[in-house]
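Visitor: could you work out the structure for the sequence below:
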Amino acid sequence: MGDIVLADVRTDIEHEMVSEWAARQYPGAWVGTLDEVDIAGLDPETVLIPARVVWLPPVRRGERRVALADAIVLSNPRKPPAFRQQAIRRQSPARVRVVQGAAASVAELGARYGEQQAEGESFAAFVGMRAALSAERAELELIGTRYKVPRLVAEQISSSARFQAAAAELAVDLGRTAASVAQEATDKMGTFVATQSRLVQDVFTTTFRGLYERAWSVSVDLDTLSRLRELNKSSSLVFLPSHRSYVDSLILASVLEQHDFPPNLVLGGENLAFWPMGPIARRAGTIFIRRKFGSDPVYKLAMRSYLSFIVEKRFNLEWYIEGGRSRTGKLRPPMLGLLAYVADAVEALDDADVMVVPTSIVYDQLPEIAAMAKESAGGTKTPEDLKWLLKYARGQRTYRGEARVRFGEPFSLRTALNDAGSGRVRLEKVAFKVMDEINAATPISATSLAGFALLGAEDRAYTAREIEVILAPLLDYIDARSLPGPDPALCRGLGLLDTLSELTDAGVLETFDGGPEQIWSIAPDNHAVAAYYRNGALHHFVDRAIVELGMLAVSDGDVVEGGPAPDAQADPSEGLLGPAQQEALRIRDLLKFEFFFPAKKEFLHRLGAETDLIAPGWRVSPPSKEWVHTALLAGAGQLFARRTLQTFFDSQLVVARYLVALGAQERDKEAVLADCLGLGRQLSMQGVVHSKDSVSREQYDAAYRLADNRGAVGGSSFDDVAQARDAWLAEVETMRARLVRLAAIEAEQAAAGCVDDREAEDRAADIESSDVRAVADRQKESDQ
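Guide: The predicted structure is shown next:
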């Protein structure tokens, strides 16, 4: 027998079409399905040529795509029933094509079979699977990479020698048979493997796009997206986005689909697998997994094997490394489990690698914030179900501004793992690199800056001009640092009024216009909501705030000796003032569970750049306490530490006071956090805690983890624990006192006439009539 065309067909019409095609392309070749061929009896030199019929949807609005109406009438244009195929072939010949997969000889397939398959799998089954996958790749070349989906996943994984060997090894540990473990792992794999359908993919994209299209217009970083497209040609991509909304994955999927990326396989929590969302999303590429599965070794085997398959076959992945939506607007601590599995797959496979793509998704307004703020204040989370979905969909009918998708610098996971050394700490280093890149890419919105201004040291109302005066140095700073800032027009004049109006309409702010000037303040009980907006940009100002506190310590001769910070030692080679550097490292240690800081050398380098902005001559002028004080005084109108850090030291004060008062009593973490919410509300009402938004379970949780890290929660000796608690409380009180001192410096400058009311009004008027850059240029000329 000569060459054989293996026809991957479903109907007689398709078989006829493949035969006609083969007669033209391969005269004399025999055409038949796999069932009609005795694979084992073929000559080794026989060449097998996979072929299939591809049916295309009709053109709708200039694009071939399945419509929702097709699904409603149970019709799939990509797989028309046999009775319609002849009519489509005759009336719309452009909708039907025959494609050919890569040909291979029986001998070549036999060699691959010996290398890849486990014992017990027939050669005929292996050939059938390879032929189907080859035809699948040929089909993708015709319909586009955005329809690239994995096929025959469970069959390929469970029949591989690697999976069978892993199952046998686990069976020994569990005292079971290899066959039973392999079967259980295969069954469990079937509960989460995404069984993607191109029909459902089209319908899912079209239907669920309505959950965000009316609420937000989407902007995207097109330059980086073009680079990612080039990378995707040679490597699979792992998108690790920040997580703020239920629609994050829908927005990212839409952006990638519109630019012809293959669809991501999205790892999500099984809490969203309810009907009808779950079955639809699974067939559109979502992998629903358990929140926790560390105690189930067979489930872990199934998940590890699945992720290894995805990495090996170079499909794109996506998951939310924070493990859940942010309740505060800041990034949550990264979860390392899935990253560990993908890292294992990369290192276990020769020459395998993935490109990690840190991704930031932020919103001008987000209606989910109010519910999340209540959860952070101790409220109960509403479970997701069909009723919840319908209510959520109704809430997306109001336009809420822009949703911005930005990408950090992509990096090779294999290279990052090699650079990070060995042990579990290397995964933490890779995860922190991801978080740092997300933060760097996160754009600053006008609503973030409005929250920053209104959540000031004083809980009061502000006029628009007062807010402009607060925002003007922020805009100058954003420009000087080349940060991804907002349109300055939205932070002054009529643009600022629009921004404040949007937040007022959303219930975040309240306004009063019954006096000579209209004023705005945080709406009652909505400080946590306003803080959410502010916190989305806060990380951009943390380094600056730390420099201010460090310089103040030097100015006041208030540098604390000793302490728990493991690397709080001055290093003249880094260039910073020794005492200020020591304080900066101490403050970083106090905030390490709130923000993601780079390694010590990079951190100090960044602080040096920040000091250049505050006091440009510090590198050449011999520093003294008076010199540092003068530098702070000159920049008092641009000091950010109070608004940036007050809330976190207020939260730490509550937890530290609670633990000191607890004495030798034992309380579990959940009880401590619940008690701290009550104590925090009390201290806020008494005026001891300055920032109402600091009364937050999330922030108390971070403070508790810091206390535990410092030995202030438990230990072998209560005396040691008590000493650690007292030392921590003293440090927190020192930091809060410095924030008060910074307020005094600003008041001192105002009293000296450097920033009087008339100058503030003139500056606000200038900002209203011209852009921030022009104002800054005039100020520089005046100084000269």
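
Visitor: which other helices and strands does the longest helix seen in the chain contact?
Guide: As assigned by DSSP state H, the longest helix anywhere in the chain is helix 718-751. Helix 718-751 is packed against helix 527-555, helix 578-590, helix 625-634, helix 641-662, helix 697-709, with contacts defined by 3 or more Cβ pairs under 8 Å, 6 or more residues apart in numbering; DSSP states H and E. Heads up, the C-betas are built off the backbone N, CA and C, glycines and all.

Visitor: at 7 Å instead, please
Guide: Taking 3 or more Cβ pairs under 7 Å, 6 or more residues apart in numbering; DSSP states H and E as contact, the helices and strands that helix 718-751 lies on are helix 527-555, helix 625-634, helix 641-662.

Visitor: export the ones you listed to CSV and tack on distance to residue 125?
Guide: Converted to CSV, these look like this (distance: least, Cβ to Cβ, whole Å):
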stretch, distance to residue 125
helix 527-555, 53
helix 625-634, 75
helix 641-662, 60
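
Visitor: which one of these is the most hemmed in?
Guide: Between the helices and strands packed on helix 718-751, helix 527-555 has the highest mean count of neighbours, a mean of 25, where neighbours are mean count of other Cβ atoms under 10 Å.

Visitor: wait, residue 336 sits on residue 427?
Guide: Yes: taking Cβ atoms under 7 Å as the contact criterion, residue 336 and residue 427 are neighbours in contact, 5.0 Å apart.

Visitor: so what angle separates the directions of the longest helix of the chain and helix 625-634?
Guide: The directions of helix 718-751 and helix 625-634 differ by 60 degrees, with axes from the mean of the first three to the mean of the last three Cα atoms, to 10 degrees as the criterion.

Visitor: could you tell me the angle between helix 718-751 and helix 578-590?
Guide: 120 degrees.

Visitor: just use 10 as the starting number from now, easier for me
Guide: Understood, numbering begins at 10; the last thing we discussed is helix 727-760.

Visitor: what angle do helix 727-760 and helix 536-564 make?
Guide: 90 degrees.

Visitor: can you count the residues close to the residue nearest to residue 612 when sequence neighbours are not counted?
Guide: Distance criterion Cβ to Cβ, 6 or more residues apart in numbering; nearest residue to residue 612, sequence neighbours excluded, is residue 606 at 5.4 Å. Summarising burial for residue 606: neighbours were counted as other Cβ atoms under 10 Å, giving 20.

Visitor: can you confirm residue 606 is in a helix?
Guide: No: inclusion of residue 606 in a helix is not indicated when DSSP: H, G, I helix; E, B strand; the rest coil is applied; the result is coil.

Visitor: how about it, phi and psi?
Guide: Note on residue 606: backbone dihedrals following degrees, to the nearest 10 are phi -100, psi 150.

Visitor: how about residue 114?
Guide: Backbone torsions of residue 114, given as degrees, to the nearest 10, read phi -80, psi 160.

Visitor: run through the bridge partners of it.
Guide: The bridge-partner assignment for residue 114, based on DSSP bridges, gives residue 56.

Visitor: give me every residue that touches it.
Guide: Applying Cβ atoms under 7 Å, 6 or more residues apart in numbering, we find residue 114 in contact with 53-56.

Visitor: returning to what we had before: what pLDDT does the residue nearest to residue 612 get?
Guide: You'll see residue 606 listed with a pLDDT of 92.

Visitor: do residue 721 as well
Guide: We note a pLDDT of 95 for residue 721 in this prediction.

Visitor: mind checking how far it is from residue 735?
Guide: Look at residue 721 and residue 735: by Cβ to Cβ, to the nearest Å, they are 9 Å apart.

Visitor: tell me how far the helix or strand residue 684 falls within lies from the chain's centre.
Guide: Assignment of secondary structure by DSSP states H and E places residue 684 within helix 678-694. Taking Cα atoms, centre = their mean, to the nearest Å, the mean C-alpha location of helix 678-694 is offset from the chain mean by 30 Å.

Visitor: next, the buried residues of stretch 492-508.
Guide: Under the neighbour-count criterion of 16 or more other Cβ atoms under 10 Å, stretch 492-508 has 492-495, 497, 499-502, 504-505, 508 buried.

Visitor: from residue 557, how far off is residue 564?
Guide: The value you get for residue 564 to residue 557, if Cβ to Cβ is used, is 10 Å.

Visitor: swap in residue 145?
Guide: Counting by Cβ to Cβ - residue 145 and residue 557 are separated by 59 Å.

Visitor: again, but for residue 67
Guide: For residue 67, the distance to residue 557 (Cβ to Cβ) stands at 64 Å.

Visitor: is residue 52 in a helix, a strand, or coil?
Guide: Remark: residue 52 carries the secondary structure label coil [criterion: three-state DSSP].

Visitor: pLDDT score for residue 218?
Guide: pLDDT, residue 218: 69.

Visitor: mind saving the C-alpha coords of the one helix or strand residue 351 maps to as PDB?
Guide: Following DSSP H and E, one finds residue 351 within helix 346-357. Once non-C-alpha atoms are left out, helix 346-357 reads as follows in PDB (Å, rounded to 0.1, in the frame of the first residue of the first chain):
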ATOM      1  CA  GLY A 346       1.700  27.100  45.400                       C
ATOM      2  CA  LEU A 347       0.900  27.400  41.700                       C
ATOM      3  CA  LEU A 348       4.200  29.200  41.000                       C
ATOM      4  CA  ALA A 349       6.000  26.300  42.600                       C
ATOM      5  CA  TYR A 350       4.200  23.800  40.300                       C
ATOM      6  CA  VAL A 351       5.000  25.700  37.200                       C
ATOM      7  CA  ALA A 352       8.600  26.200  38.400                       C
ATOM      8  CA  ASP A 353       8.900  22.400  38.900                       C
ATOM      9  CA  ALA A 354       7.600  21.800  35.400                       C
ATOM     10  CA  VAL A 355      10.100  24.200  33.900                       C
ATOM     11  CA  GLU A 356      13.000  22.600  35.700                       C
ATOM     12  CA  ALA A 357      11.800  19.000  35.000                       C
END
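
Visitor: strands paired with the next helix-or-strand element following it, and their directions?
Guide: Using DSSP H and E, the next helix or strand after helix 346-357 towards the C-terminus is strand 363-372. For strand 363-372, the paired strands and their directions (DSSP bridges) read strand 245-250 (parallel), strand 411-416 (antiparallel), strand 420-421 (antiparallel).

Visitor: show me what the mean pLDDT comes to for the second one.
Guide: For strand 411-416, the mean per-residue pLDDT is 94.

Visitor: same thing with the last one?
Guide: Strand 420-421 shows a mean pLDDT of 96.

Visitor: same question, stretch 475-495
Guide: Across stretch 475-495, the average pLDDT comes to 92.

Visitor: residue ranges of the helices in the stretch 160-309 of the chain, please?
Guide: Ranges of helices in the stretch 160-309 of the chain, per DSSP state H, counting those that start in this stretch, are 162-167, 170-183, 187-198, 207-217, 219-222, 231-241, 257-267, 286-292, 306-321.
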